[in-house]
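J.: Need the 3D shape of this:
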Amino acid sequence: MPLPMPPLLAVTDRTLADRPLPQVAECLFACGVRWLSLRDKDLPDAERVELARALVVRAAGWGARVTLHGDPVLAAAAGVDGVHLPSGGDPAAARALLGSRALIGLSLHDSDGAEAMERVAGQADYVTLSPVFPSASKPGYGPCLGVAGLRRWVEMGRSRGVPVIGLGGVDQVDAVAECHAAGAAGIAVMGLAMRDAQALAPLLAVLAPAAAATPSRA
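T.: Presented below is the predicted three-dimensional model:
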């Protein structure tokens, strides 16, 4: 399944937001974001499903896609566009449950090793790789990869048909440009997306110059 365009994945964390997530989502979509994933794994399952459904409603008018971090069963119940699995997740099982049109991704870290890319090849639509740069929201996953480390993983992914999304500290134009130059298929942003949707406009412009234009509803 092709990645949403522009390829910027906004990941939710309601503790960083100054308003309810459906309102944050509306602001993000109005600013040009077309890909949002509900994380907030501390919420009870029923609340996550309800919240995901509310985000899907907000996304519909903008032609945006909503995915859910974690459980493919919850993703199916919520009617979202796909699921983002944790490292060690089973993309083949998720695909069997959600179908060929679902957007299926998986988190990877340098410590997962090259065999992890082998396991997801042909099953996942993309992987996120973190942390690329220092980030308050992605601590504890080992040293930062930097541009050279990201490029190494991009090359592994390219040879196996798996796009790599850079995650971790990718919240400045220069960082986005470096990820793009390293061959990353896109970037993922959490904190900045929750705090200031409009601040994503320069990042979107790097990924897709057309995103710099004022977006309109679908």
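J.: I'd say Leu28 and Ala199 touch.
T.: No - applying C-beta atoms under 8 Å as the test, Leu28 and Ala199 come out as separate, 10.8 Å apart. All C-beta atoms are positioned from the backbone trio N, CA, C, and that covers glycine.
J.: higher neighbour count, the two?
T.: Set side by side, Leu28 and Ala199 show more neighbours around Leu28, with 28 against 14, by other C-beta atoms under 10 Å.
J.: Buried residues in the lowest-mean-pLDDT helix or strand in the chain, which are they?
T.: The weakest-scoring helix or strand in the chain, judged by mean pLDDT, DSSP states H and E, is helix 114-120 (a mean of 91). Judged by neighbour count using 16 or more other C-beta atoms under 10 Å, the buried positions of helix 114-120 are 116-117, 119-120.
J.: what sits up against it?
T.: Contacts of helix 114-120 with the rest of the structure, by C-beta atoms under 8 Å, 6 or more residues apart in numbering, involve 87, 91, 106, 108, 127, 153, 156-157, 160, 162.
J.: let's see 10 Å
T.: Under the contact criterion C-beta atoms under 10 Å, 6 or more residues apart in numbering, helix 114-120 has outside partners 85, 87-92, 104-110, 112, 124, 126-127, 129, 152-153, 156-157, 159-160, 162, 164.
J.: quick one: which of the buried residues of helix 114-120 is nearest Arg53?
T.: Val120 (27.7 Å; C-beta to C-beta).
J.: Just checking, which helix or strand succeeds the longest helix along the chain along the chain?
T.: The longest helix of the chain (DSSP state H) is helix 45-60. For helix 45-60, the following helix or strand on the C-terminal side (DSSP states H and E) is strand 65-69.
J.: Show me what the helix or strand following that following strand is packed against.
T.: Using DSSP H and E, the next helix or strand after strand 65-69 towards the C-terminus is helix 72-78. On a contact count with 3 or more C-beta pairs under 10 Å, 6 or more residues apart in numbering; DSSP states H and E, helix 72-78 meets strand 35-38, helix 45-60, strand 65-69, strand 82-85, helix 91-98, strand 103-108.
J.: for the record, mean pLDDT for helix 72-78?
T.: For helix 72-78, mean pLDDT is 98.
J.: Also stretch 36-45?
T.: On average, stretch 36-45 scores 98.
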